[in-house]
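Q: predicted model and sequence follow; I will ask about them next.
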Amino acid sequence: MNPSTIIFYILAAVIIGGGLFAVTSTKIFRSAVYLLFSLIGIAGLYFLLDYEFIAAVQIIVYVGGIVVLIIFSIFLTHGSGQDMKRPALGRAVFSGLAALLGLVLCVYIIHQQVFVKTTELAIDPSPANIGTQMLSTTEHGYVLPFELVSMLLLASMIGCIVIAIKIKSPDKIIVTNLANLKSNPTMEMESELNPSMQNSHE
Amino acid sequence: MNEIGLNHYLVVSCSLFFIGIYGFLTRRNLITMLMSVELILNSININFVAFNKFLFPHKLDGVFFVLFIITIAAAEAAVAIAIIINLYRNYHTIDVEEVTTMKY
């Protein structure tokens, strides 16, 4: 058994174990942390395959971006230490059966299939090669999807802001300010000094 | 054990895909459902990279597909979390079975 085989099995165990705990844990925060381990294991798999650029992108975008976003939204929407409901037994059994049957079928097909490897010379997946081909306008260039994705990102960014923004009607602000003024006359002065306090009182 | 080949990677990605499917079917919390979708997308990425490495090392198309999938997954997660936060603000729950305003 050579070292890369051992590393592969360790990474596979981390990925699959992390994934399993992420979908079965009843504490949502633990579930997010297990997902984090699974994603780090996948980045390790890319390193093992010598695709360093994708591994770096995986760590930056998934581990540094999406999981942090998920943890933020957990903090915004859940009380700490709250347990989630366990799934109903019937649904858990049937989902497990469906997943297991699908897995068995796919693994069977994979073992039946004979894959034919190309005989052409390998190309180095370095960032320079990837960037050159991605931004080229020749036949195998990917500049059009690149531009499309940039438009998609802009659209989703604007969409996020539009969906999540909290619009305050002007009357409501006056009413709440008056209420604050009645209950606590010093509030007005404080909120003038510190505008952020006004939000925290509402 | 024999040398690690394409089949090993495909089995790992297949397992991860069906773990994600199981999570998506059993969970009723929007954030955990989103996490299951992330697992599914990641298993697909492993597939693309493994096929590119073992079968078509003279091309980089698998790499580009993985990069675009990661980008779109990030955009999708951001929009989904904006929707979740807005839902929580209006209903004080993110359980998909309790938000039934548009169901009937």
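A: Right, received. Where do you want to start?

Q: residue B:8 is in contact with residue A:5, isn't it?
A: No. In this structure residue B:8 lies outside contact range of residue A:5 using C-beta atoms under 8 Å: 9.1 Å. To be clear about C-beta, it is placed using only N, CA and C from the backbone, and glycine gets the same treatment.

Q: which ones are touching the residue nearest to residue B:5 when sequence neighbours are not counted?
A: Leaving aside its sequence neighbours, residue B:5 sits nearest to residue B:54 (C-beta to C-beta, 6 or more residues apart in numbering or on different chains; 6.8 Å). Residue B:54 sits next to A:115, A:117, B:5-6, B:9 when contact means C-beta atoms under 8 Å, 6 or more residues apart in numbering or on different chains.

Q: gap between whatever residue of chain A ends up closest to chain B and residue A:30?
A: For chain A and chain B, the shortest gap (C-beta to the nearest C-beta) falls at residue A:23, measuring 3.0 Å. Remark: distance between residue A:23 and residue A:30 (C-beta to C-beta, to the nearest Å) = 12 Å.

Q: quick one: which of those two has more around it?
A: Neighbour tally, residue A:23 and residue A:30, criterion other C-beta atoms under 10 Å in any protein chain shown: the higher count belongs to residue A:23, 27 against 12.

Q: nearest spatial neighbour of that one, chain-adjacent residues omitted?
A: residue B:23 (3.0 Å).

Q: likewise for residue B:71?
A: Once flanking residues are discounted, residue B:71 sits nearest to residue A:149: 5.1 Å by C-beta to C-beta, 6+ apart.

Q: just the pLDDT for the one you found.
A: Looking at residue A:149, its pLDDT is 94.

Q: which one's the longest helix in the chain?
A: In the absence of a named chain, chain A is used. helix A:89-112 (DSSP state H).

Q: wait, I meant chain B there
A: Across chain B, the longest stretch assigned as helix under DSSP H is helix B:61-91.

Q: tell me the pLDDT at the residue most central in space within chain A?
A: Among the residues of chain A, the one closest to the centroid is residue A:66, at 3.2 Å (C-alpha atoms, centre = their mean). Looking at residue A:66, its pLDDT stands at 92.

Q: show me where pLDDT drops low in chain A?
A: Across chain A, residues meeting the criterion (pLDDT under 70) sit at A:79-82, A:169-202.

Q: where do the helices sit along it?
A: A:3-24, A:28-48, A:52-58, A:67-77, A:89-112, A:127-134, A:143-164, A:170-183, A:187-193, A:195-201.

Q: and those helices as TSV, adding distance to residue B:100?
A: Below are those laid out as TSV (distance: least, C-beta to C-beta, whole Å):
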stretch	distance to residue B:100
helix A:3-24	24
helix A:28-48	22
helix A:52-58	37
helix A:67-77	18
helix A:89-112	18
helix A:127-134	45
helix A:143-164	20
helix A:170-183	28
helix A:187-193	39
helix A:195-201	32
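
Q: whichever residue of chain B sits closest to chain A is in what secondary structure piece?
A: Taking C-beta to the nearest C-beta as the measure, chain B has residue B:23 as its residue closest to chain A, at 3.0 Å. Using DSSP states H and E, residue B:23 falls within helix B:6-26.

Q: what do you get for residue B:4?
A: Residue B:4 belongs to no helix or strand when assigned by DSSP H and E.

Q: that one against residue A:3, yeah?
A: No. Counting by C-beta under 8 Å, residue B:4 sits too far from residue A:3 to count as a contact (11.1 Å).

Q: more crowded one of these two?
A: residue B:4 (19 against 7).

Q: on the pLDDT front, check the more buried one for me.
A: We have a pLDDT of 82 for residue B:4.

Q: how about the contacts of residue B:54 in a markdown table, adding distance to residue A:48?
A: Shown next, in a markdown table, are the contacts of residue B:54 (distance: C-beta to C-beta, whole Å):
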| residue | distance to residue A:48 |
| --- | --- |
| A:115 | 19 |
| A:117 | 18 |
| B:5 | 13 |
| B:6 | 13 |
| B:9 | 9 |
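
Q: give me the buried subset of these.
A: B:6, B:9 (16 or more other C-beta atoms under 10 Å in any protein chain shown).

Q: farthest-separated two in the contacts of residue B:54?
A: Spatial extent of those (C-beta to C-beta) is set by the pair A:117 and B:9 at 14.0 Å.

Q: hmm, back to that, just give me the closest of the contacts of residue B:54 to residue A:11.
A: The closest of the contacts of residue B:54 to residue A:11 turns out to be residue B:9 (C-beta to C-beta; 10.4 Å).
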